[in-house]
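In: I'd like to go over a predicted model; first the sequence, then the structure.
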Amino acid sequence: MPELPEVETVRRGLEPTMTGAKILCVEQRRTDLRFPFPPDFVSRLEGRKIVAMGRRAKYLLTDLDSGDVLIMHLGMSGSFRIEAEAVSQTPGAFHHARSKNAAHDHVVFHLSNKKMIIYNDPRRFGFMDIVPRSELAEHPLFRHVGIEPLGNELNGNFLAQKFAGKKTPLKAALLDQSLIAGLGNIYVCEALNRARLSPKRSAGTLAKKGGAATERAQLLAGVIRNVLGEAITAGGSSLRDHRQADGTLGYFQHSFRAYDREGKPCRNEGCGGIIGRIVQSGRSTFYCATCQR
């Protein structure tokens, strides 16, 4: 499942083409993806101007001049590509062939700037919905979503306050979307390795008695922001089916220190340990038992 950096990469790829353009026509080629499309999906989009492209957690948000917001989720294999009308191309070099099967092009947005935004999803785990902007915060998808990890709210004091007294493993606590939005398995593994914190330690150990933040908490908050920022700059991790909007792949996976590196040397300076793999809550956790304590 694409994580925050992948979704932010797609947002940045789509924004220059979509923002300011009018949606002239929408081709909805199915009645559903993971969930059914709203019955008035096409009529609420056609003729509307796109005023902004945003992101909340792992969701793309397209603000329209009608006051509605188009919510889009990539699912497991969803991707967007940008094409000029009557000219089909996928610019950029990439490592793995992307889906070009028109049978998987489920939604096509025809824009006033003579561009098409095409949503392709072989597995159909993605979805789209439309809600009024005034109701977005209370929508079931967002009502209980936590803070954005790239914002100033994420700091050691926040982690200490939320984790105080918790015996939950630290990795599981970081994956709790009601606390921090958009963090996923890949980048939590990476952040914990860089901060030299064990994914198995109790989350409550990041707080001192009385709830003050430990130095570990302050360090981890900064590392999370840095790891996500580096991944966004590099274009997302591009694992499996993820693609940037122009068809290219991101390259952050070449910088992974822990994720998917089982049996390889830990890259932390002066460590000398080996990356191992355990399973936590049904997910693979990659970490170094030598330096992550």
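Out: Structure's in. What do you need? Numbers count the residues shown, from 1 in each chain.

In: list the beta-bridge partners for the residue lying closest to Lys200 once chain neighbours are set aside.
Out: Nearest residue to Lys200 in three dimensions, chain neighbours excluded: Pro169, at 5.4 Å (C-beta to C-beta, 6 or more residues apart in numbering). C-beta coordinates here come from the backbone N, C-alpha and C atoms, glycine included. Pro169 has these beta-bridge partners by DSSP bridges: Ser202.

In: for Pro169, give its distance to Asp176.
Out: 11 Å (C-beta to C-beta, to the nearest Å).

In: and for the residue nearest to Glu148 when sequence neighbours are not counted, the neighbour number?
Out: Once flanking residues are discounted, Glu148 sits nearest to Ala181: 5.7 Å by C-beta to C-beta, 6+ apart. Look at Ala181: counted by other C-beta atoms under 10 Å, it has 22 neighbours.

In: same question, Val279
Out: Val279: 8 surrounding residues under other C-beta under 10 Å.

In: helix/strand/coil for it?
Out: strand (DSSP: H, G, I helix; E, B strand; the rest coil).

In: hey, what's it bridged with?
Out: Ser284.

In: my guess is it meets Lys200, correct?
Out: No: the pair Val279 / Lys200 is not scored as a contact, 11.6 Å apart, by C-beta atoms under 8 Å.

In: could you list the buried residues of stretch 34-45?
Out: Within stretch 34-45, the residues that count as buried by 16 or more other C-beta atoms under 10 Å are 37, 41, 44-45.

In: now Met116. Nearest residue, chain neighbours left out?
Out: Leaving aside its chain neighbours, Met116 sits nearest to Glu83 (4.7 Å; criterion: C-beta to C-beta, 6+ apart).

In: how about Val42?
Out: Nearest one to Val42, counting by C-beta to C-beta, 6+ apart, is Val26 at 4.7 Å.

In: tally of neighbours for that neighbour?
Out: 17.

In: quick revisit: how much space separates the residue nearest to Glu148 from Gly282?
Out: 21 Å.

In: and for Asp246?
Out: 34 Å.

In: and the two? Which one has more around it.
Out: Asp246 (17 against 5).

In: please pull out the lowest mean pLDDT helix or strand from this protein.
Out: strand 79-84 (a mean of 91; mean pLDDT, DSSP states H and E).

In: how far off centre is stretch 130-138?
Out: 20 Å (C-alpha atoms, centre = their mean, to the nearest Å).

In: mind listing what's buried in it?
Out: Quick answer for stretch 130-138 (16+ other C-beta under 10 Å): 130-131, 136.

In: pick the one among those residues closest to Arg123.
Out: Nearest to Arg123 out of the buried residues of stretch 130-138 is Ile130 (C-beta to C-beta; 22.5 Å).

In: circling back to that earlier point, pretty sure the residue nearest to Met116 is touching Lys115, no?
Out: Yes: using C-beta under 8 Å, Glu83 is in contact with Lys115, at 7.0 Å.

In: circling back to that earlier point, from the buried residues of stretch 130-138, which ones fall inside helices?
Out: Among the buried residues of stretch 130-138, no member falls in helices (DSSP state H).

In: could I get the buried residue list for stretch 49-61?
Out: For stretch 49-61, using 16+ other C-beta under 10 Å, the buried residues are 50, 53, 55-61.

In: what distance separates the start and the end of it?
Out: 14 Å (C-alpha to C-alpha, to the nearest Å).

In: what's the mean pLDDT across it?
Out: Stretch 49-61 shows an average pLDDT of 97 in the prediction.

In: and if you look at stretch 198-213?
Out: Here the average pLDDT along stretch 198-213 is 95.

In: in that stretch, what counts as buried?
Out: For stretch 198-213, using 16+ other C-beta under 10 Å, the buried residues are 198-201, 203, 205-207, 213.

In: and which of those residues is nearest Arg30?
Out: Pro199 (39.3 Å).
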